[in-house]
Structures are given as structure tokens and as C-alpha cells.
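Visitor: build me a model from this:
(chains A and B)
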Amino acid sequence: MKDTQEGLAVADKTIDMDLNKIKAQILDKYPIKVARKRAKQIVVTQPGDSNTMPEIGANVRTIPGILTQRGCCYAGCKGVILGPTRDVINIVHGPVGCSFYAWLTRRNQTRPANDDSPNYMNYCFTTDMQDQNIVFGGEKKLKQAIQEAYDIFHPQTISVFSTCPVGLIGDDVHSVCREMKETLGINIFGFSCEGYKGVSQSAGHHIANNGIFKNVVGMDDTIREGKFRINLLGEYNIGGDSFEIERILNDCGISLISTFSGNSTMGQFANSHTADLNAVMCHRSITYMAEMMETKYGIPWIKINFIGAEATAKSLRKIAQYFEDEELIAKVEEVIARELPSVKVEMEKARALCEGKLAMLFVGGSRAHHYQELFGELGMKTVSAGYEFGHRDDYEGRRVIPSIKVDADSRNIEELSVEQDPEKYRLRKTEAELAELTAKGLEFSQYDGLIKEMKNNTLVIDDISQYETEKLIEAFKPDIFCAGIKEKYAIQKSGVPMKQLHSYDYGGPYAGFQGAVNFYQEIARMTNSKVWSYVKAPWEKEPELAATYALS
Amino acid sequence: MLLRHTSKEILERKALMINPAKTCQPIGAMYAALGVHGCMPHSHGSQGCCSYHRSTLTRHYKEPVVAGTSSFTEGSSVFGGQSNLIQAIDNMFTIYEPEVIAVHTTCLSETIGDDLTQIVKKAYDDGKVPAGKHVIYAPTPSYVGSHVTGFSNMCKGIVNGFSEKTGEKRNQINILPGYVEPADMEEIKRLTTEMGIETVMFPDTSGVMNGPQTGRYHMFPKGGTTVDELKSTGDSMGTIALGSFASSLAAKFLDTKFKVPCQIQELPIGLPATDRFINSLRKMAGVNVPDSITRERGQLVDVMTDMAQYFYGKKVALFGDPDQLIALTEFLVSLDMIPVHIVTGTPGKEFTAKILELTKDQSEPVNVKAHGDMFLLHQWIKNTSVDLLIGNTYGKYIARDEDIPFVRHGFPIMDRVGHSYFPTVGYKGGLRLVEKMLDAMLDKKDRDSPEESFELVL
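Guide: Numbering: from 1, shown residues only, chains lettered A, B, ... in the order given. Modelled structure (predicted):
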């Protein structure tokens, strides 16, 4: 347990801390080669007003045995991107585990249109490969499994996910899917997302984007109602985040054509190319989709962020600015004016309890950035942050993309070659219009990354290890640490409250205005909970023994 | 409806598993390894395996679960994972300083044919294992058996890695507790201590997976069977293996290799199985059962008498791991209940045979399947309704759709906190189980009773 709750004093202390020394102390325990590698993935943001952006090592292989937070390609593909879509039967081709572990564990909420509309998200489908399938091949079993899924459920779409052994034994999942698609007359496609591909979940995001783009997007040209039609990309409806964003957009009169992929259906993906703007939440997992849609269909994309009350207001204003419609601009301002005051009341209440406290965030590929907004609104300082599976552009901004060296692990992930669609491409804004909007401050296809958000003299750490986590806690004694379920209890055992930012500890939503209020209250609760004062027993606090009732 | 597409009509399936009642071997191996003192489990495969196992175990226990991974890439999948594993062993001993590293394989490393015996030997030969430290291992291909098989394989790996025979017998009994909770292991130790019997129980996750909040994180807490204790298992008088699916492999291996005779019996869940366990202990150690334990037994029988009117003739559906289900079925039958649908995801013909034998005298036929799934169980329930459902967290979707009282038992339980602190083995565990069962059933009765027949006293 921390010695002091004097937040401001602690925050001041970190300004003078020699972070390079702390970094050296962390690296000291590592074998030389490990230290050399990790040194590149730990950077200290520049003190003073320096404009230099430090280069960070990211999206590189994890060192075996270091105890990483990272998962695999399959987790990124099936778990993250394709998990939240309700009307598709996702068959995991492999031994039972991969399917089992991704079954309902990511808290993707969904709201089917009515009691009869399809929702397969509560089900788990697997070919449960056995040793004879490994020896003799699993294609026959996969084909049979697709047939059985069709016979029992009659879905419109079936997708198949390859796990590690499938790639190794050479099952041709894609040809099985093609054949069954023809036989059954429904959309069936596969993802080669074997766990060993790439260096983290990130490879799986890319593979998922490619698969959905190739097999679903652009299949339904119906122009839906609405004057201001957008797609929301990279929002997965954890804990109902999408519901809150949908509420706000709806109130503003903005029509959501599709979300990739919170609370989504395949039908919405198929129709998504008819939207006029792509608003990107999670830069890491879905920008592939935004870029491909821009090239093929002419939809510009902007980076937005609905985490944080001010960030939500700012994002709404950006969308309104894009459509250049006075009525929309007025409506957005009206909604912001309606929502913000009560949010601010709650913010102030929580801020009184949280101000000056220290936060650390090591999570995901965008959350470690976005959630700094909320901590900022509470007057808390993020002293250290980093991503689990980010790339250099997620840290340093998209401007560094041309200078990123593509290594063998990334080269193995297919890069789709996309061209302008001769029929379906529709120019939303001319170059001149885009330039004019850019001049007014609306940036297109741009993201500045996490490091720019960080205060001076803070530590940015990519793919943090368990050991580094412990050393950070020792050095900074933060008031709250944000990561995932694997990290949670080791951190809490050291007396530091730990907030899960993948699953939200089963709370939320934290997006939008109401979400911000939920988060303020949650952080105020966590950093002020009585429970932390009970860690030491009375006799541990006062070990001297006064034998009041001793016999002699 | 949560499971709105589940129909009453049952189509035979040969290839598609829907809503599994099992998971894969490595997670069981990881859990078993956590029951060795100072042990770092290590997953020789892709990062995702380790991440998923740690996450699932953590969601169940609400405790830190640390484990290493070989972080396979496409390259290592082609050229073999030897260098990744040796590097991992070196890094873990240097950075985290465990006493033991327990390596298990995955479907990936098994498919490419990595040979752990050879790789681990090379790690020793290359000086990557510091003096006095140990690397043990077990093959756990995910495409064979289930998480229970993985637990069983790692138990054998523990014997293979540590057990020795000095030639001098020790007055102690080995106990393989089976794939049970830390609180169950603690309860088994309490019972043997109460009987005055020296035992070595392994694995022992108590003190590891139910640790206290002290304000300091210890990666390797005080619990777990120590290396010295494990070494001594080859000199023990005998072994009692609880749960044949999880424990017989290691027990038989001890028997063949070191001539330590073993008795394999059911998990001591419920009255009949606990009676047999206590009786075996008594005979093997040549001790009298103390009055305190006879009293505990009497308390359970007393409560069973008090509850009998509510349990009699009630139908139950249950799913989970074979060892648990066998013991639970026997317990339910002893309570005059009727287990009608029983599914385990773990393959094994002996499971079905055992269940059929246990239920042969009941008034209704039993549906039983090994290597089955929860989709089938749900369909059975739609055809013959039940009064109670027992199983892991995933059962709550069926329970809510069908409005069935539900008792969480088994692994994983991810939506309730505290379960891992209370045993379901032994007489005390039996008490807890019947209390939970009756609470669930009477809560429904209280909710549904018409106002005029809503009762104060039940």
C-alpha cells in the first residue's frame, strides 16, 4: 500500500524523477541481448519543450519467456474483429481450446432487431480436431461441420478460422469454403489466422480486415435513409460502448450505416461502402479497412475518439464539420450543450477525489491513448503508458509509416492490392474541398499517435513484461494501473488498484457522455476504496506485545 | 432468448461441436504445474495459447496466474521451437528465478514434432538451468482428450521429473487430489491431518491460487508441493489417486516405476465417495477414524435427512469433467434425486459405463454422453425438463432460457467470486453442495409460489 494519498505532491515528484535511470535499473536484470532489445521498446519522452519525437521499437517479436501481455493472430482476427457480429456462424477449425477461450469472454454486447432475428454470439462452434484429423487432414471434417451448421441453423453467412495446426498440416480451408459456398448458396469464407502468424494480435486484425473487405463489403448497394451517413470503425461494443455512441449519433441526426464491428451484422458490412465518411476509433485494428474503402469506394476517413467527454464533443464536431451543414452543426452543438453540463457535475465530484493521482495504462492498440483523456479530465497524470500490440505509427503518428522497416513477420501478412471500383466508386469530396477542410483544421487520414499525448518526462513502454510492470509499480507507486485480466491480480496483490481496460471489469459503458460519467465514478471508487486500508492487520501495524493479562 | 437457435429436434452431428463441455489439454497442465512450489508453468507454443490459459484461469480464481510462452513465429513453426524454448528457459531463470519450470506442449509444437525430452536435455547440457533448479515437462497435444487429460499428463510429468526411490520406505501416503479447487486440496489435507496421517499431496494449488492480500506480490507464494516432498513420493507406502481421469496415470506410473502401490477411487464429493476415501485412508495408514470426522459425517447425514423432502424424485441435468460428474451422480442418487442428462466433453467410454451403472436402479432412464457438448445437453433438457442444472458458468445461458435453478460447479466459474475458497469435497463440501442446491431450488419456489401458498417456514 502506498504511504501517501497526497496526490499532488506525488505528481510533482515524478517531474524530477530520472526516468533514464529507472529504465537502466529495469534493464539491468535482463540478459544482455534481452536488455538490448527491450531498450529500444522503452522510451522516455523528452523533458522541456523539445519537439523531437523519440523512435520506439514496436510490432517486433516478443522475447520467449519474458512474460508478455500479448496474444496471437487468431485472437486478433476471431476474438477482436469478427467476434462482435451476431448473424454469422463462426466455426473455429482446430482443436477445441481456441474456440472455447474466445467464447463470450470479450463482452461484446449486441442487440438483435427482434426476438426472431439471428444471434449466434452466445454459441461456440468448433471442428474439435482430433489426432486422426491432424494425421490425415481436417478438410473433410470441416466440410461436414459447415454442412451440419447449415442444416441446423440455416444462417446467411458462415466463416471459418484456421488455428495453428491447420496451417501446419496444410488444410486448404479456402477451397473448402468456396466449394461449400457453391453447394449451399450462402456466403462462406475463411481466414488463415493461425496463431503463429505475425508477432501479436495485430496480424489477425489485418487478416480480418482483408477477409471482410474481400468477401462482404460492397455486396449491398442499397442507399439507406439519412442525410449524414457514416461508418464507425474500430469500436467493438465492450460493455455497451457502441450503444451509448449510437444514442448520441442518433440524437445528432447522424445515421450509422455500419460499425466495425460492435453490435453489427454482416448486412451492415455489405452495405458499408454506401456511407459518406469513415470515423476511425481504434487506429491499430481497423485503419486497413478505412484505407481500402477510400481507395475502392472514395470514402474519406478521419480519426475520432469517443472516450472522454471533451473528446466525444470534439469528435462530433469533426463529423459535423465534414458534412458542412449548418443544421447538423447546430444540432451537434445542441446535443453537446444538453449533455455536457451534467457530465461536468459528475466530473467535478470525481475530480475532487482523484486530482493529482498517478495512472499507468498498458493496454491494446488505442486504449492506452484514448483513456488518457478521461484521466486528464479527472486531473490525473499518466506517468507511463504503452501498447500491447501497437505499431510505431500508433506511438509516433502516421507520418512515420514510410520509414517503418517491414520485417519478415509483417511481410507474411497479405497486403491486398485495391483499386478504384469502376462502378461503385463515388467521390465524396473533391481534392479542393478536402484541402479546404484540412486548412480549417479537419485532418484526413491522419493520426498523431500516443507519444504526442504524453506529458514530458514520462515512460512509454511497448509490449511491457511482467517484470517491468513490477518495477514500475515499485518506482512510481501509481494510484491506478490499467491493463488486462492477466495482469490484474499481481498488481492488486501489491496494493495498487487495477482497472481492466479490455473487459472494463464487467462495468461500462465508458464511451460517450454517459460512459465518461461511469468512468469518473469508477475511478473515484477504486482510488478511494476503504479496502486498501485493511491490508495490514492491527498486530502487523503495532507488533510490540503488551501482555495486559499475562499471568506473571 | 439467449440460445434462440437451439431446437428440440436433435440432428446427429459427426463433425461440428457446439458449445463445448471441455477445453484443451495445456490449460490443465498449467493448473497442475501451479501446484508445485516455486514453479513457473511454460507453454511451448504460440503466444495466444498461454494468454488464453492465463486469462481463463485468472477469471476463475481471481488470482495472479503467471506462465511463460515460447512465442512461436512462422519461422519457428517451420524450423522447430528448440531455440525459442531454450531462450525462454534461460530468460525465466534469469529474470523471474523460479525453482522449477514446468513445460507443456501445445497442438502447434506437437504437430511439428518438437521433442521435449531432447530440448530440455539440451537446456541442461548448455548450462541454461542453474544448479539446484529444475525443468520438468509433459506432452499435452490439444487434439487429444481435454483439459483433464492435460492435468493428468502434467501430474505424470511431475512424477517423472522428481520422484526418487532411496530404498528406504517412508511412513507417508501420496495423495493425488485430482483436478479440484485449491479449497478442496486444503480440505483433503485437513482431513488427513485430522486422522494423523503423514501425506504428500500433489499437485497442491492451495496457498497458490487462493492467496491472501498482503500488500506485497509474491510471484511464487508459500503454497505448492515442494521439490523435496515430490522427490520423496517414490518412497511412500502407497498412493491414493482421486478421480481416475485426472489422477490414475501418475499413480500407476509411481506404481510401475517405484513399486508404490496405488488405489484409484472417485473424487470424495458427496457422502458415499467421501466414506470410501476416509475408509481407504484408515486402512492404508492403519489408523482409527477420529470422532471429529464421524461427527462431520453425521452432520451431513443429518442435513440430508432434513432436506430429503425437497430433493426426492427431482430431476437433474449436469455437465462438466468426468471425475466430478461420476462423484456428483453418485451423490445425487444417494439423495434420491434422478440425474437424467449427463454430458462431459472429455472422451472416455469408461465414463458412460460408470454413469449407467450408478443410475441403473433409478425410475427414469439416463441420457449420458462422453465427448458430448452443451448444445446436445440443452436439446435433451428441451425434451425432458429438469428441476436443477449443475455445471460451470456457461450453464447460465441454458438455466435462464429454460428457467432452471442452477448450481455452479466445476471449471470454469467466471461470473461469481469466492467459490474457490470453499471446498465441495469431504463431508463439509457435501454440506455446502446440498445447501447450494436447495437454495437454488427454493429460491425458484419462493419466486413462483402463488401468494396464498407463499410460505414463511420451509
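Visitor: contacts for stretch A:14-22?
Guide: If you take C-beta atoms under 8 Å, 6 or more residues apart in numbering or on different chains as the criterion, stretch A:14-22 is touched by A:44, A:358, A:381, A:383, A:457-459, A:471, A:475-476. C-beta here means a position set from N, CA and C on the backbone, and glycine is covered the same way.
Visitor: between these, which is closest to chain B?
Guide: Relative to chain B, the closest of the contacts of stretch A:14-22 is residue A:471; by C-beta to the nearest C-beta it sits at 10.8 Å.
Visitor: what's the helix or strand for the closest residue to that closest one other than its chain neighbours?
Guide: Excluding the flanking residues, the one nearest residue A:471 by C-beta to C-beta, 6 or more residues apart in numbering or on different chains is residue A:26, at 4.8 Å. Here residue A:26, judged by DSSP states H and E, is contained in helix A:19-28.
Visitor: flag every buried residue along that helix.
Guide: A:19, A:22-23, A:26-27 (16 or more other C-beta atoms under 10 Å in any protein chain shown).
Visitor: farthest pair within the residues you listed?
Guide: Maximum pairwise distance among these (C-beta to C-beta): 12.5 Å, between A:19 and A:27.
Visitor: what's residue A:157 in contact with, if anything?
Guide: Applying C-beta under 8 Å, 6+ apart to residue A:157 gives the contacts A:87-89, A:186-188, A:216, A:266.
Visitor: in what helix or strand does the nearest residue to residue B:1 once chain neighbours are set aside lie?
Guide: The spatial neighbour of residue B:1 that comes closest, neighbours along the chain excluded (C-beta to C-beta, 6+ apart), is residue B:401 at 5.2 Å. Taking DSSP H and E as the criterion, residue B:401 maps to helix B:395-402.
Visitor: just after that helix, pick out the following helix or strand.
Guide: strand B:406-408.
Visitor: list the helices and strands that following strand packs on?
Guide: Here strand B:406-408 touches strand B:388-391, helix B:395-402, helix B:426-448, going by 3 or more C-beta pairs under 8 Å, 6 or more residues apart in numbering or on different chains; DSSP states H and E.
Visitor: please identify the most buried of these.
Guide: Each of those was scored by mean neighbour count; the highest is strand B:388-391, a mean of 25, by mean count of other C-beta atoms under 10 Å in any protein chain shown.
Visitor: who does it pair up with?
Guide: Using DSSP bridges, strand B:388-391 pairs in its sheet with strand B:315-320 (parallel), strand B:406-408 (parallel).
Visitor: and the lowest-mean-pLDDT helix or strand in chain B, what does it pack against?
Guide: Sorting the helices and strands of chain B by mean pLDDT, DSSP states H and E puts helix B:74-79 at the bottom, at a mean of 92. Contact analysis of helix B:74-79 by 3+ C-beta pairs under 8 Å, 6+ apart lists helix A:164-169, helix A:408-411 as its packing neighbours.
Visitor: re the thing from before, CA atoms only for the helix holding residue A:26, dumped as PDB, please.
Guide: The C-alpha trace of helix A:19-28 is given here as PDB (Å, rounded to 0.1, in the frame of the first residue of the first chain):
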ATOM      1  CA  LEU A  19      13.500   8.100 -15.800                       C
ATOM      2  CA  ASN A  20      16.500   7.100 -17.800                       C
ATOM      3  CA  LYS A  21      17.900   5.800 -14.500                       C
ATOM      4  CA  ILE A  22      14.700   3.900 -13.800                       C
ATOM      5  CA  LYS A  23      14.900   2.500 -17.300                       C
ATOM      6  CA  ALA A  24      18.500   1.400 -16.700                       C
ATOM      7  CA  GLN A  25      17.600  -0.200 -13.500                       C
ATOM      8  CA  ILE A  26      14.800  -2.200 -15.200                       C
ATOM      9  CA  LEU A  27      17.100  -3.400 -18.000                       C
ATOM     10  CA  ASP A  28      19.900  -4.300 -15.500                       C
END
